[in-house]
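Student: Here is a sequence with its predicted model. Questions after.
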Amino acid sequence: MAYFGNETFVKCADGRVRHGECSALRICALARSTGLDYVRRTFPSKFWEVGSTLEEAVEMLLNGTCNVMADGGSLLLDVESAVEDGGGAFVFGNVSEESEPLAVVTRRNDPQFSDIIDWVVHALF
């Protein structure tokens with residue numbers, strides 16, 4: 001998970017600060033994304049907005065509805081490209097937290113279930 005947007009508010013999001021100058025923090029995330037799931041778990045609802053498409057979320061960032069976008073790094077690179085001509089100085093945050101599952105984990109004491117998972121993984125990939 002990474003943040004992109006107004007430098008002041010990106011620092012607020014990175015530090016999970018919601019008071020003082022950070023009380024105006026508004027985070028955009030795409031509907032049905034792990035970015036939205038993460039923001040929902042991390043911030044109260046008054047601090048985030050949902051965009052149904054990438055274009056809508058970028059427009060929300062540019063028109064001030066939100067001042068930070070949250071999602072995976074590759075999507076935020078697309079956002080950076082889209083806002084280059086939109087004026088305003090946007091930055092990437094320093095904190096990046098991975099929220100995507102990286103591997104399947106099973107218990108050592110359950111070899112049958114581990115075998116089933118192995119078969120599924122081999123069948124899919």
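Tutor: Received the coordinates, thanks.
Student: hey, where'd the strands end up in the chain?
Tutor: All strands of the chain, identified by DSSP state E, fall at 2-6, 27-30, 48-51, 68-71, 90-92.
Student: so which of the ones you listed is the most packed in?
Tutor: Ranked by mean neighbour count, the strands of the chain are led by strand 68-71 with a mean of 28 (mean count of other Cβ atoms under 10 Å). Backbone N, C-alpha and C define where each C-beta goes, glycine included.
Student: could you say what helices and strands it packs with?
Tutor: Helices and strands touching strand 68-71, by 3 or more Cβ pairs under 8 Å, 6 or more residues apart in numbering; DSSP states H and E, are strand 2-6, helix 7-15, strand 27-30, helix 34-42, helix 54-62, helix 73-83.
Student: where in the protein is pLDDT low?
Tutor: 73, 85-88, 95-102 (pLDDT under 70).
Student: Which of the strands of the chain sits closest to residue 125?
Tutor: Nearest to residue 125, of all those, is strand 68-71, at 24.8 Å by Cβ to Cβ.
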